[in-house]
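Colleague: Sequence plus predicted model, see below.
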Amino acid sequence: MRYHRVPDETIKRLPIYLRGLLLAAEEGRKRISSQQLAEYLRLNPWQIRKDFSFFGGFGKRGVGYDIQQLTRQIKKILRLDVVNRAALVGIGNLGSAVLAYPGFGMYGFEIAAAFDSDPVKVGKEVNGVKIEGVSKLRRLKARNITLGIIAVPRQAAQETADALVKAGVKGILNFAPCHITVPKRVKVITIDFVMDLARLPYYIPAS
Ligand code: NAD
């Protein structure tokens, strides 16, 4: 089901709520109120209830949320209730770290393919995934891969995005520090944590 008129900011917070719920479940909790979830995540309970109201509120007032049920509902909204297979392109410093990271499974992600243009890297295996040459980056749809992750240098980011789109991916997570252009039907999220770092010193008082 596709919900309409849900603000992007709400969608941005849903994975944060999900993470809180998964951690609470890990601690053996069964139910949680919006107040408790807010304390857990250092957020505002009013914000949580408002965000949930876009999806009908999830549960009765006063009794708290059933953690398992709410987890299922949020996963379904985010389409994390199925395994989302991703192709990673660029297995350098960042790409290798992404490929080795064990934390994707919790959210149903699987890095199912890895590509690099460097012939020295092609054929090597990282975390059970064999690195393929970029010439193999096609027909990802047939391999049930719907997401692409770009970890190539900035200069190669657009051509990589073009190849991923041509191969059939529907969403791209771009680590390269540049804008990439894709058809409207494809969703791109660019992550540039250096830009976050670049505004951090502003908040630090001069000594
Ligand atoms: P890197 O040079 O270590 O790795 C880049 C990899 O991409 C190499 O293995 C290279 O062979 C491969 N590559 C180059 N052109 C390609 C192409 N056309 N197709 C497929 N593979 C190709 O670089 P890195 O440090 O891993 O950074 C990767 C990207 O992430 C860069 O855009 C960088 O700006 C960005 N980034 C990196 C970091 C970090 O901590 N390393 C942090 C923020 C952003």
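Modeller: Structure received.
Colleague: Can you point out the buried residues in stretch 181-189?
Modeller: If you call a residue buried by 16 or more other Cβ atoms under 10 Å, then stretch 181-189 has these buried ones: 182, 186, 188. Bear in mind the C-beta positions are built from the backbone N, C-alpha and C, glycine included.
Colleague: now these in a markdown table, with distance to residue 169?
Modeller: Output for these, formatted as a markdown table (distance: Cβ to Cβ, whole Å):
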| residue | distance to residue 169 |
| --- | --- |
| 182 | 9 |
| 186 | 7 |
| 188 | 10 |
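Colleague: Which of the helices or strands spans residue 36?
Modeller: helix 34-41 (DSSP states H and E).
Colleague: by contact count, what packs against the helix or strand just after that helix?
Modeller: Counting by DSSP H and E, the next helix or strand C-terminal to helix 34-41 is helix 45-53. If you count contacts as 3 or more Cβ pairs under 8 Å, 6 or more residues apart in numbering; DSSP states H and E, helix 45-53 packs onto helix 8-26, helix 34-41.
Colleague: what mean pLDDT does helix 45-53 have?
Modeller: For helix 45-53, the mean per-residue pLDDT is 93.
Colleague: between the helix holding residue 36 and helix 45-53, how many degrees?
Modeller: With axes from the mean of the first three to the mean of the last three Cα atoms, to 10 degrees defining the directions, helix 34-41 sits at 110 degrees from helix 45-53.
Colleague: Can you check what angle separates helix 34-41 from helix 8-26?
Modeller: 90 degrees.
Colleague: Next, give phi and psi for residue 198.
Modeller: With angles defined as degrees, to the nearest 10, residue 198 sits at phi -70, psi -20.
Colleague: Equivalent analysis for the one 5 residues further on, please.
Modeller: Dihedral angles of residue 203 (phi, psi; degrees, to the nearest 10) stand at phi -90, psi -10.
Colleague: pLDDT at residue 64, what is it?
Modeller: In this model, residue 64 is scored at 88, pLDDT.
Colleague: outside of the helix or strand of the chain with the lowest mean pLDDT, which residues touch it?
Modeller: Lowest mean confidence among the helices and strands of the chain (mean pLDDT, DSSP states H and E): helix 34-41, at a mean of 90. Outside of helix 34-41, the residues within contact range by Cβ atoms under 8 Å, 6 or more residues apart in numbering are 16-17, 19-21, 23-24, 32, 43-45, 47-49, 52, 64-65.
Colleague: Run through the strands of this protein in chain order.
Modeller: All strands of the chain, identified by DSSP state E, fall at 31-32, 65-66, 84-89, 109-116, 125-126, 129-133, 147-150, 171-174, 187-190.
Colleague: ranking those by burial, who's on top?
Modeller: strand 147-150 (a mean of 26; mean count of other Cβ atoms under 10 Å).
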